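*Asks:* What shape does this take:
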Amino acid sequence: MDFSPKVLIIDLSNHYGGSSSRVLSLMARAKTGSVALAGLKSGAITIQAIQLGLPVHALADHKADARILPRLIRLIREEGYNILDSQNIQSKFWANLAAIITKTSLVSTINSWYASEHGEFSTRVKLYTLLELSTNQSLDLYITVSEKDRRSLIKSGLPDDAIELIYNALELARAKSAVFLLASTSEVYGDPLVSPQSETYWGHVNPVGPRGVYDEAKRFAEAMTMAYHRYHGVETRIARIFNTYGPRMRPHDGRVVSNFLIQALAGRPLTVYGDGRQTRSFCFVSDLVDGLFRLLLSAEVEPVNLGNPAERTIRDLVAAIGTILGRPLEVTYNPLPQDDPRVRQPDITKARECLGWEPKVDLEAGLRETLAYFRKKGVGA
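*Replies:* Numbers count the residues shown, from 1 in each chain. Next up is the predicted model:
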């Protein structure tokens, strides 16, 4: 299976640079939908690209506009770009931040594409471009954070052991003296026997159960991260993220909030597993982002719970959605999957003390925003 990258070229310069003509020429020959330009509204390359009928996203009037970053992040996530190509020094600041936040591959130029300008892109050139992160020289370590992309890369012939995700990411952090933030999960606690769960609780996980692969993979990632901190001095941050929801979440990713909202908007019964008395912690996305940002800038190297301590049952969630919609909701009950957690509630004492953080958005307010987003996108209609 051949992997086709989707590239967003970022050029925030006002003037037509030396590489501009080559960028536009390459875009003109690229497969439709595979490459787009993000630039300034009055930038010379932006104007030229529009005149040539090429795909363009105008981000702002000037390169210091703070709205560039959120617009870039939204663009990457909504359009599915998996490579950011920073064309010049004016673009690298925003491209770097967007790549870090969205976990998107970043290249500093498209020089690695020039060898293939007059022919089809070879797998070697595609991989070189996709996986080059901070330099124009070949890397020995290849990194991708998408399991779908990882499978595609393996099928294209790249050795499996060349893209060991957590190991290579930690090695890169070590080589670059970078701060490494691991997005872990409350699933490390498994089906807990204590509630609320603090960071000192070691969890209750069935390693050979149907949920074991995910749970143990995250526990392993935490162990590797702490090993690199202890033995190599890597600056680490570990966020144990509890249930999170909000606008721009993927509608069909299987999360209970998105499942319920889609079913409710479509007028279908809501599917509840078990009796609905199991509890969850629902944290709105803006609160989580604030927590992650504070954690990244802190000096806390060990795990920190990030989640809403307001424990809610699944039945509570059904009722809250019904209240927002102004009508009762029909429910279908299915058997509870094996090892599905019965309780989930974070103890966020550490986050309060170390980060000065706690959630601010209550469930009803967050659900209203998420529902409005799904309606705007026509999801469930």
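*Asks:* can you pull the contacts of the residue nearest to the spatial centre of the chain?
*Replies:* The centroid of the chain falls nearest to residue 102 when counting by C-alpha atoms, centre = their mean (4.9 Å). Shown in contact with residue 102 (C-beta atoms under 8 Å, 6 or more residues apart in numbering): 73, 76, 77. Where you see a C-beta, it was placed from the backbone N, CA and C, and this is true even at glycine.
*Asks:* again with residue 178
*Replies:* Contacts of residue 178 by C-beta under 8 Å, 6+ apart are 172, 235.
*Asks:* ok, residue 258 - how many residues close by?
*Replies:* 19 (other C-beta atoms under 10 Å).
*Asks:* Distance of it relative to residue 214?
*Replies:* 18 Å (C-beta to C-beta, to the nearest Å).
*Asks:* mind listing the helices for the chain?
*Replies:* 20-29, 44-51, 68-79, 89-102, 123-131, 147-155, 165-176, 212-232, 256-265, 285-297, 314-325, 349-355, 363-377 (DSSP state H).
*Asks:* what comes up buried for the fourth one?
*Replies:* By neighbour count on 16 or more other C-beta atoms under 10 Å, the buried set for helix 89-102 is 90, 91, 92, 94, 95, 98, 99, 101, 102.
*Asks:* what's the answer for the last one, then?
*Replies:* Taking 16+ other C-beta under 10 Å as the basis for neighbour counts, the residues of helix 363-377 that come out buried are 363, 366, 367, 369, 370, 371, 373, 374.
*Asks:* helices or strands up against that helix?
*Replies:* Contact here means 3 or more C-beta pairs under 8 Å, 6 or more residues apart in numbering; DSSP states H and E; on that basis helix 363-377 packs against strand 244-245, helix 256-265, strand 283-284, helix 314-325.
*Asks:* before we move on, the earlier item: what's the least confident stretch among the helices of the chain?
*Replies:* The minimum mean pLDDT among the helices of the chain belongs to helix 123-131 (a mean of 44).
*Asks:* What about the contacts of residue 102, which one has the most neighbours?
*Replies:* That'd be residue 76 among those, by other C-beta under 10 Å, with 22 neighbours.
*Asks:* In this model residue 7 seems to touch that one, though I could be wrong.
*Replies:* No: with contact defined as C-beta atoms under 8 Å, residue 76 does not count as touching residue 7 (11.0 Å).
*Asks:* list the residues that contact both of those two?
*Replies:* residue 84.
*Asks:* Quick check: residue 177 vs residue 271, distance?
*Replies:* 48 Å.
*Asks:* Between those two, tell me which one has more neighbours.
*Replies:* Using other C-beta under 10 Å, the more surrounded residue of residue 177 and residue 271 is residue 271, with 13 against 9.
*Asks:* Report how many residues lie close to the closest residue to the more buried one other than its chain neighbours.
*Replies:* The spatial neighbour of residue 271 that comes closest, neighbours along the chain excluded (C-beta to C-beta, 6 or more residues apart in numbering), is residue 332 at 5.4 Å. By other C-beta under 10 Å, 11 other residues sit near residue 332.
*Asks:* follow-up on the earlier one: adding distance to residue 62, write the helices of the chain out as TSV.
*Replies:* Shown next, in TSV, are those (distance: least, C-beta to C-beta, whole Å):
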stretch	distance to residue 62
helix 20-29	18
helix 44-51	13
helix 68-79	9
helix 89-102	10
helix 123-131	29
helix 147-155	34
helix 165-176	30
helix 212-232	39
helix 256-265	37
helix 285-297	25
helix 314-325	40
helix 349-355	33
helix 363-377	29
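*Asks:* do you know which of those lies nearest residue 59?
*Replies:* Ranking these by their distance to residue 59 (criterion: C-beta to C-beta) puts helix 68-79 first, at 5.0 Å.
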